[in-house]
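**Student:** give me coordinates for this.
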Amino acid sequence: MKNITKKLLENKSRTVPILSFPSTQLLGIPVSELISSSEMQVKGMKAIAERCDIGASLNMMDLSVEAECFGATVRITENEVPTVQQGIIDSIEDVDGIRVPSITEGRCPLYIGGVKKAKEEIKDIPVFCGVIGPYSLAGRLFDMTELMMECYDSPDEVKTLLSKVTEFLKNYVLAFKEAGADGVVMAEPAAGLLSPALAKEFSMPFVKEIIDAVSDENFVFCYHNCGNAVPAMADQIAELGADIYHFGNAFSLKDIIPKMPADSVVMGNVDPLLFRSGTAEEVMAATQKVFDECSGFDNFMLSSGCDIPADSKWENLDAYFKKVKELYV
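**Tutor:** Model prediction:
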């Protein structure tokens, strides 16, 4: 186990939820400003680190950045996390024409620059970057439903698309690493919709390629998947060699922790929507439930099940951190 993950487990009261966009409330700015400014992203990361007793700082989990860099149309509104509105190909037969962009294009430099500045200003905890996974990115460049169908009808073309996005993602993560990031959280939720057989062929090998290309003793890899099919592909996920496995709340975390490597950290999986729509009491009860089910595992850490919505209530977030602190006193 790497030193970063050892330290996380030694201080479980310093939880690591996927918490970035609610920083807009602390800064008094819209989401659109946060995603457009390295300076504001650093201020947001610092604001959360100062407000919350976290074990690591995570930059913005904006999963539209990579697709936009390829040329996809992204919908940006004032107070919502950006979403991909239109991909770049209408047919899988067009895959050969896709150009792998440079990480100097689009908003990539802005996000890389934000992490570099954050490392200069956040000294006491690791700084992680966030990126999308290969299959999930491929779905945004084409069409999620059609991509799944083409896995059966045109597997070679799908793999060509996956190879291109994997090349880009390796370069992107390596740039974050060069900028000083201590690790990466890769979100591959679309793979959680696949059958185990399809995931084995069209997601896992490409994720593994990225892990092997970027990981070393001083850089940790966190694999996130919040799909409801995760339990069926647990054995494959365990073989990826990630340092941290982060799972959503579509299933009970206690059922999958025993299947993950004992020398990895397993994080999750308080319902992230509760932070927005629930009460402080409901958040605390949900946190208690996950803790009761999973605290017997030495490599377990509490976290949100996925990215916490930008408009979440800070009284709910405060309740979560208060509860985690109480559980580990």
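
**Student:** D62 belongs to a strand?
**Tutor:** No: applying DSSP: H, G, I helix; E, B strand; the rest coil, one finds D62 to be coil, outside a strand.

**Student:** wait, it touches V84, no?
**Tutor:** No: counting by C-beta atoms under 8 Å, D62 stays clear of V84, with 10.9 Å between them. C-betas here are computed from N, CA, C, even on glycine.

**Student:** and these two? Which one has more around it.
**Tutor:** D62 (25 against 22; other C-beta atoms under 10 Å).

**Student:** what does the most centrally placed residue in the chain show for phi and psi?
**Tutor:** Nearest to the mean C-alpha position of the chain, by C-alpha atoms, centre = their mean, lies A187 at 3.8 Å. Dihedral pair for A187: phi -100, psi 120, per degrees, to the nearest 10.

**Student:** who touches it in this structure?
**Tutor:** For A187, the contacting residues are 61, 63, 130-133, 136, 224-226, 307, by C-beta atoms under 8 Å, 6 or more residues apart in numbering.

**Student:** OK, contacts around the residue lying closest to it once chain neighbours are set aside?
**Tutor:** Excluding its sequence neighbours, the residue lying closest to A187 (C-beta to C-beta, 6 or more residues apart in numbering) is H224, at 4.6 Å. Going by C-beta under 8 Å, 6+ apart, H224 touches 18, 185-189, 246-248, 306.

**Student:** please redo it, this time with the cut-off set to 7 Å
**Tutor:** 185-188, 246 (C-beta atoms under 7 Å, 6 or more residues apart in numbering).

**Student:** specify which member of these is nearest to V95.
**Tutor:** Set against V95, the nearest of those by C-beta to C-beta is E188 (19.8 Å).

**Student:** burial count for that closest one?
**Tutor:** Other residues within reach of E188, judged by other C-beta under 10 Å, total 26.

**Student:** with M267 instead?
**Tutor:** Quick note: M267 (other C-beta under 10 Å) scores 26 neighbours.

**Student:** just give the nearest non-adjacent residue to it, would you?
**Tutor:** Nearest one to M267, counting by C-beta to C-beta, 6+ apart, is S303 at 4.0 Å.

**Student:** ok so, going back, where's the dip in pLDDT among the contacts of A187?
**Tutor:** In this model, the minimum pLDDT among those belongs to M61 (88).

**Student:** which non-adjacent residue is nearest that one?
**Tutor:** G130 (4.2 Å).

**Student:** with only the CA atoms kept, save the strand or helix carrying the one you found in CSV.
**Tutor:** Using DSSP states H and E, G130 sits in strand 127-132. Provided in CSV are the C-alpha atoms of strand 127-132 (Å, rounded to 0.1, in the frame of the first residue of the first chain):
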residue,chain,number,x,y,z
VAL,A,127,-4.5,17.1,-4.1
PHE,A,128,-6.3,14.8,-6.6
CYS,A,129,-7.5,15.5,-10.1
GLY,A,130,-10.7,14.2,-11.6
VAL,A,131,-11.2,12.7,-15.1
ILE,A,132,-13.7,10.7,-16.9
